[in-house]
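> 3D model of this:
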Amino acid sequence: MPGLDPGPDERWLEVYRRAADPGDPRQLRDLFLGRVEAEVGTPGHREEAVARWRASAPRRDITVEEVLSSRATSTLVKELFNHYFRDDLYGDLRPSADIILSGGAVDEESWGLPRVLKDCLSYALLRDWYGYSDSCGRTSAREAVAGYETARLPPGVSYGPRNVALTMGATSAISGLADLVLRGATAPAICAIPNYPPLVESVARRGEIRLVPLPSTDGFASAQPLIDALRADTPLVLLQSAANPTGALLPESEITRLVEAASPSTIILLDECHEWLGETYPYSSARAARNVVRVSSLSKNWSAPGLKVGWLLADDAFIDEYYEYASTTSGSPPSVFYTLIEVLARMERWSHCGVEELGPAELAEFEPHYGIGIDALQRAFHSYRAERRARERSLLRQRDAFTASLAHSGIPVLPPRASINLAARFDGFADSYTCFRTLLRETGVSVFPGALTFCLAGPVVRFTTAQPWDQLTTALSRLTGREYQEAVL
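Predicted coordinates for the structure are as follows:
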């Protein structure tokens, strides 16, 4: 499986052909799911949905471009996303799901926050640091994030605290950014696919959108389809620097080409949340362009999706606008997390820059009233760095071993360049949702249908490999008919 094209196939188009109103996403959802039930469901179960599909017939021709430009498509995928979690996996089908490899996040009980960051939470509570704050976050935490992100950029390109806003996680931040950027927009926003349904839907709720498939080959994607879709008045481009579910990277040269091709008034909204665990490349100065907004969170890289905390980086004038928006709509992020973010960002910067032994300069980065001594800081840094390195090695070994085992069994896999997720293709199934339903029924293993991340063609599913290894080996045995009980790590 050298590559993946997420654009809609004939089977996806067939749903639009049969709908009485192809602009009604709930009609489309009901037809889609009715076909799934008709093909793989239990007799007598969800009979109304089955009857709806069997009574339908083609009514019109539909083109790929019409589907990608339809407002209904975003909501259809989001409705399927909701149905998968609410009604299937954690609803009617939950008793049959022995092993769930579709969660999308690291198992926090196995690879949780480093102890140092947990201590930061305890310290903040003991000091009663949970009051009102600036709507972009405490200055010391923003300074720390600015320093860390500057260290990842080329020499001569830098951020300051005025380029940083702390957020309540990536999903909330991108929803707010869409609201801010698209007010009064008259041209369609562009959303690259694959992508995460809540993000795309948050953009679609604010105005017209156009979905642009980004095919990937050998784990890399090209920005050319986005460049071809740009207009002088395009208000927003939403894309992931590492795609969910494939782990395919958009190279720095492609990010640069996109930024240079876009109008200065077009905001390039770069979701960087999956860009970790794997191959890394030096960042280009394009990431710090005036019209680029970068979004990060603790949900994937630090195993903390439930904390709902992260940051965004942008031009200082844009952050000023965001401040007004945030202060009006949400106030500020939870202030109890600011110490955690500050310590995390400083220790990540020191690790990135190859610092081994801390000295007076590093100690002086913290305010004196923290009461930190150099010996305690050194011990904390060594502990943090050791835990982070061990976690990354463990997760990489698991992901690569799982990928190789699937491929060895003849299941086409798209090896990820980054992320804990990987995409695999189960040939012989009509689409990714029927694949999920059949595998769950026959093996008790839950996979994530690619259609729920806008992979709208073929039986491509996502595996999340950051789960206990005994679960992965059991899943492999059931899915492939081979035994994987011996530890390969």
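> Contacts for stretch 209-226, please.
Stretch 209-226 has contacts (Cβ atoms under 8 Å, 6 or more residues apart in numbering) with 2-7, 68-69, 71, 73-74, 188-194, 200, 203, 229, 237, 239, 243, 246-251, 254-255, 257-258, 414-417, 454. Glycine gets a C-beta too; all of them are placed from N, C-alpha and C.
> Of those residues, select the buried ones using a PyMOL command.
The PyMOL selection below is limited to those of the contacts of stretch 209-226 classed as buried (16 or more other Cβ atoms under 10 Å):
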select buried, resi 4+5+6+7+68+73+74+188+189+190+191+192+193+194+200+203+229+237+239+243+246+247+248+249+250+251+254+255+257+258+414+415+416+417+454
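> Please flag which of the contacts of stretch 209-226 sit within strands.
Per DSSP state E, strands hold the following members of the contacts of stretch 209-226: 3-4, 189-193, 237, 239, 414.
> Now W302: closest residue in space that isn't a chain neighbour?
Setting aside the residues directly before and after it, W302 is nearest to L113 in space (Cβ to Cβ, 6 or more residues apart in numbering), at 6.2 Å.
> Actually, N301.
Here the residue nearest N301, using Cβ to Cβ, 6+ apart, is W276, at 4.5 Å.
> so where does that neighbour fall, helix or strand?
Under the criterion DSSP states H and E, no helix or strand holds W276.
> burial count for it?
17 (other Cβ atoms under 10 Å).
> and if you look at the one 3 residues further on?
E279: 13 surrounding residues under other Cβ under 10 Å.
> K300 versus the residue nearest to W302, what's the distance?
13 Å (Cβ to Cβ, to the nearest Å).
> From L226, how far out is the residue nearest to N301?
W276 is 22 Å from L226, by Cβ to Cβ.
> Same check on R86?
32 Å.
> Contacts only, for the residue nearest to N301.
W276 touches 242, 300-301, 418-419, counting by Cβ under 8 Å, 6+ apart.
> so which of those comes closest to A170?
K300 (9.1 Å; Cβ to Cβ).
> Just give me how far the biggest helix by length in the chain sits from the chain centre.
In the chain, taking DSSP state H as the definition, the longest helix is helix 374-408. Offset of helix 374-408 from its chain centre (Cα atoms, centre = their mean, to the nearest Å): 20 Å.
> That one packs against which elements?
Judged by 3 or more Cβ pairs under 8 Å, 6 or more residues apart in numbering; DSSP states H and E, the packing partners of helix 374-408 are helix 115-126, helix 338-352, helix 360-363, strand 413-414, strand 421-425, helix 469-480.
> and those as CSV, adding distance to L101 and mean pLDDT?
Converted to CSV, the helices and strands packed on helix 374-408 look like this (distance: least, Cβ to Cβ, whole Å; pLDDT from 0 to 100):
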stretch, distance to L101, mean pLDDT
helix 115-126, 27, 96
helix 338-352, 28, 98
helix 360-363, 41, 96
strand 413-414, 14, 95
strand 421-425, 10, 96
helix 469-480, 6, 95
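> So for P25, which of these sits nearest?
strand 421-425 (24.6 Å).
> What's the separation between I209 and L199?
Taken as Cβ to Cβ, the span from I209 to L199 is 11 Å.
> Overlap in contacts, the two.
With Cβ under 8 Å, 6+ apart as the test, I209 and L199 both reach C191.
> ok, which stretches of the stretch 51-200 of the chain are strands?
Using DSSP state E, counting those that start in this stretch, the strands of the stretch 51-200 of the chain run over 99-100, 164-167, 189-193.
> between the ones you listed, which gets nearest to V445?
Of these, nearest to V445 by Cβ to Cβ is strand 99-100, at 4.8 Å.
> quick one on the thing from earlier: who's more crowded, L113 and K300?
Taking other Cβ under 10 Å, L113 and K300 do not tie; K300 has more neighbours (25 against 19).
> so what's the more buried one closest to, chain neighbours aside?
Looking at K300 with Cβ to Cβ, 6+ apart, the closest residue is C273, at 5.4 Å.
> give me the element that neighbour is part of.
Judged by DSSP H and E, C273 forms part of no helix or strand.
> starting at the chain centroid, how far to stretch 359-378?
35 Å.
> so what's E14 up against?
P58.
> So it belongs to a helix, correct?
Yes - per DSSP: H, G, I helix; E, B strand; the rest coil, E14 lies within a helix segment.
> What separation is there between it and L456?
From E14 over to L456 (counting by Cβ to Cβ), the distance is 12 Å.
> what ranges of this structure fall below the confidence cut-off?
Per-residue confidence for the chain (pLDDT under 70) gives these ranges: 1, 482-489.
> The same query, at a cut-off of 90, please.
For the chain, the stretches flagged by pLDDT under 90 are 1-3, 41-45, 103, 278-281, 330-332, 480-489.
> if we can go back for a sec, so what does the residue nearest to W302 look like in phi/psi?
phi -60, psi 140 (degrees, to the nearest 10).
> residue contacts, it?
By Cβ under 8 Å, 6+ apart, the contact set of L113 is 302-304.
> TSV for the residues you listed, including neighbour count?
Converted to TSV, the contacts of L113 look like this (neighbours: other Cβ atoms under 10 Å):
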residue	neighbour count
W302	24
S303	23
A304	22
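> Which one of the residues you listed is nearest to E39?
For these, the nearest to E39 is S303 (37.0 Å; Cβ to Cβ).
> can I assume the closest one sits in a helix?
No - counting by three-state DSSP, S303 falls outside a helix, being coil.
> how about the nearest residue to it, chain neighbours excluded?
Nearest one to S303, counting by Cβ to Cβ, 6+ apart, is V106 at 4.1 Å.
> repeat for N195
Spatial nearest neighbour of N195, chain neighbours left out: F454 (5.3 Å); criterion: Cβ to Cβ, 6+ apart.
> any idea how far S409 is from that neighbour?
27 Å.
> Check A262 too.
A262 is 43 Å from S409, by Cβ to Cβ.
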